[in-house]
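[1] A predicted structure for the sequence below; I have some questions about it.
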Amino acid sequence: MLYSDKIKGINNEVSYMETYIEGKLANITGSRGYILDRNIFIDFLIKEFVKKGGDYLSSAGFINAYHPGLEENSSGWQPVEESAANESHISHNFDNSRMLYVEIRQNDSTFCLKTKILAGADGPCSKVAKIMKPLPRNEYEFQENHDMESSFLIGFQENITKKKDYENHTKIFFYPFISGGYGWVFPKKESLNVGMAVNINALKENGLKNTYQRFKRELVKNEVIKGDEYINSTISGLAPVCGIKSRVVQNNIILIGDSAGLCNQITGAGNYNAAASAKIAAAKIKTAITTDNMEILNEAQKDICDYFKTSIGHALKKRQFLEKNKSDYDFGNLIKKTWVSFKDYWRER
Ligand SMILES: Cc1cc2nc3c(=O)[nH]c(=O)nc-3n(C[C@H](O)[C@H](O)[C@H](O)COP(=O)(O)OP(=O)(O)OC[C@H]3O[C@@H](n4cnc5c(N)ncnc54)[C@H](O)[C@@H]3O)c2cc1C
């Protein structure tokens, strides 16, 4: 519903979710959703962008940006060498004093683009977010918790060939050895996504792969999978769980998705939030450009925070509760208080 046209990449549809605690089924809840073929989806987005006149720079990386008007290094930004500025075909003829210079690396070359607005959609370790100054604490209570600044879940997922019949529902698994996180089995049409996300700080003793292999052995023991399925692909990555960034907009820079900290702090889900925040940001960017009024971008800060404050504010509280009580709470009860399929998650605010 976020997109006006039908999107590509939906592989499967699921209607309910089973939650298991230490191998035992704890509940079944209605939970409709879609399983994406992410590569197909992303490829579709890029092609649509190009079809509408966008310039897509393949394998290009953002390095840095600066306002020509700002004092050098005043906010930790490094100025981009004017001499290196390449008046590329992508640059437009805007008023230079309000422009941002953006340094880009593509293959072996580095060049500079001029832009009116920079949108950081560069994920959990966003370089764009790093060049923005954080706001003082507690500007919004549901926003980034600085005590948890380095809080990440680290995830690992295999896509394995489906060997057994598997109904179209998701399965979620909690074990104490998956500290602060959980394991999952998500069915695609011909295959299964089997994965696990764990608090990055808990990995000091057990590596990510070891923890994942232990989880997989539990799945075999409980006959969820056979264990010798062909592995089609693997992915790993981080999910930020410290809350919405205190600043989502600064001057003419705006953050969306994981770069803005919009991943759910309990489930680690961020695909919908990335697309929804992009939609809000895109509308504001369009108005800011057409009216030539960059102040409009500040409205996106409020709109994005308002849109996500209930879900993310609540998830952040639950994450804090989970981390604080993980050693001295009964494991099953802790999960029932902090996982979305249980009433206590929603009841206790
Ligand atoms: C293992 C795992 C499983 C997950 N499963 C789910 C799930 O089932 N459902 C769900 O909703 N969410 C899931 N998530 C979370 C979800 O993937 C993210 O929340 C979502 O992808 C965020 O989208 P994004 O566009 O903000 O960031 P990303 O998807 O991280 O995209 C950022 C992009 O920016 C690029 N980039 C980074 N730095 C730069 C730079 N300097 N210059 C240029 N480009 C750069 C990256 O290469 C990447 O392509 C999972 C995460 C992990 C790690």
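    Arrived safely, thanks for sending. Numbers count the residues shown, from 1 in each chain.
[2] ranges for the helices of the stretch 201-349 of the chain?
    208-221, 271-291, 296-325, 331-338, 343-347 (DSSP state H, counting those that start in this stretch).
[3] For the most centrally placed residue in the chain, give its distance to Ala275.
    The chain has Asp258 as the residue nearest its centroid, 3.4 Å off, counting by Cα atoms, centre = their mean. Asp258 sits 12 Å away from Ala275, going by Cβ to Cβ, to the nearest Å. To be clear about C-beta, it is placed using only N, CA and C from the backbone, and glycine gets the same treatment.
[4] Does the residue nearest to the centre of the chain touch Val128 like I think?
    No - judged on Cβ atoms under 8 Å, Asp258 makes no contact with Val128 at a distance of 11.5 Å.
[5] Need the residues touching each of those two.
    Common contacts of Asp258 and Val128 (Cβ atoms under 8 Å, 6 or more residues apart in numbering): none found.
[6] Run through the bridge partners of Phe62.
    Counting by DSSP bridges, Phe62 is bridged to Ile104.
[7] now Gly120
    With DSSP bridges as the rule, Gly120 is bridged to Leu255.
[8] give the contact list for it.
    Phe62, Ser126, Lys127, Val128, Ala129, Ile253, Ile254, Leu255, Ile256, Ser259, Ala260.
[9] rerun at 7 Å
    Ser126, Val128, Ala129, Ile253, Leu255, Ser259 (Cβ atoms under 7 Å, 6 or more residues apart in numbering).
[10] cool, and Gly23?
    Gly23 neighbours (Cβ under 7 Å, 6+ apart): Glu218, Asn222.
[11] Show the pLDDT at it.
    Looking at Gly23, its pLDDT is 97.
[12] And Lys51, how close does it get to the ligand?
    From Lys51 across to the ligand, the span is 20 Å (Cβ to the nearest ligand atom, to the nearest Å).
[13] Count the residues that sit near that residue.
    8 (other Cβ atoms under 10 Å).
[14] Let me see the backbone angles for it.
    phi -60, psi -30 (degrees, to the nearest 10).
[15] re earlier: out of the helices of the stretch 201-349 of the chain, nearest to Glu48?
    helix 271-291 (12.5 Å; Cβ to Cβ).
[16] related to what we said a few turns ago, with neighbour count and distance to Lys163 as new columns, can the contacts of Gly120 be given to me in TSV?
    As requested, the contacts of Gly120 are exported to TSV (neighbours: other Cβ atoms under 10 Å; distance: Cβ to Cβ, whole Å):
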residue	neighbour count	distance to Lys163
Ser126	22	39
Val128	22	43
Ala129	23	42
Ile253	22	48
Leu255	29	42
Ser259	26	38
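[17] tell me the secondary structure for Gly183?
    strand (DSSP: H, G, I helix; E, B strand; the rest coil).
[18] Fine, thanks again, bye for now.
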